[in-house]
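*Asks:* have a look at this fold, sequence not included:
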């Protein structure tokens, strides 16, 4: 029963994307027979095949297995992570900066204040750098998806 439901989800998602079984097999780097077996419920995709299938169908493994499509997309989760990193960078830098300035205003050695200020700048730069890298990864993935769709369209027109 469960394998048939999973197979039905695979079929529905594949058809929404306008992919043939051959296209999906090519995207997942498996034999077309595997796709047929998954869709008929004879077999279930396992491990990396399940992950590749979810990526090719632009969904997540939880949807394919459990039907839970309320989960946020990887792109949305990545965008939220970028926002969190930038906010963390800004807030931690401000806190460290104020701590350094307050230690300069007290009778603490000046070197301690300047060290804390330098640390605040370093924390900000590192976290902001991480957010920039994550942003470029998301942009690259989006571009790769567009290229993949164009290749599928070209492949269909050749047939």
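*Replies:* Now that the structure is in, tell me what you want to look at. None of the values given here were measured: they were computed from a predicted structure.

*Asks:* let me see the domain layout of the chain.
*Replies:* 2-66, 74-158 (automatic domain parsing).

*Asks:* out of those, deepest packed?
*Replies:* domain 2-66 (a mean of 17; mean count of other CB atoms under 10 Å). Heads up, the C-betas are built off the backbone N, CA and C, glycines and all.

*Asks:* where do the helices sit along the chain?
*Replies:* 2-16, 21-28, 32-40, 47-56, 61-66, 74-105, 110-158 (DSSP state H).

*Asks:* now mean pLDDT too, for those, in TSV please.
*Replies:* Below are the helices of the chain laid out as TSV (pLDDT from 0 to 100):
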stretch	mean pLDDT
helix 2-16	88
helix 21-28	90
helix 32-40	93
helix 47-56	86
helix 61-66	81
helix 74-105	73
helix 110-158	73
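
*Asks:* how near is residue 119 to residue 60?
*Replies:* Summarising the geometry, the distance separating residue 119 from residue 60, computed by CB to CB, to the nearest Å, is 39 Å.

*Asks:* kind regards, and thank you for your time.
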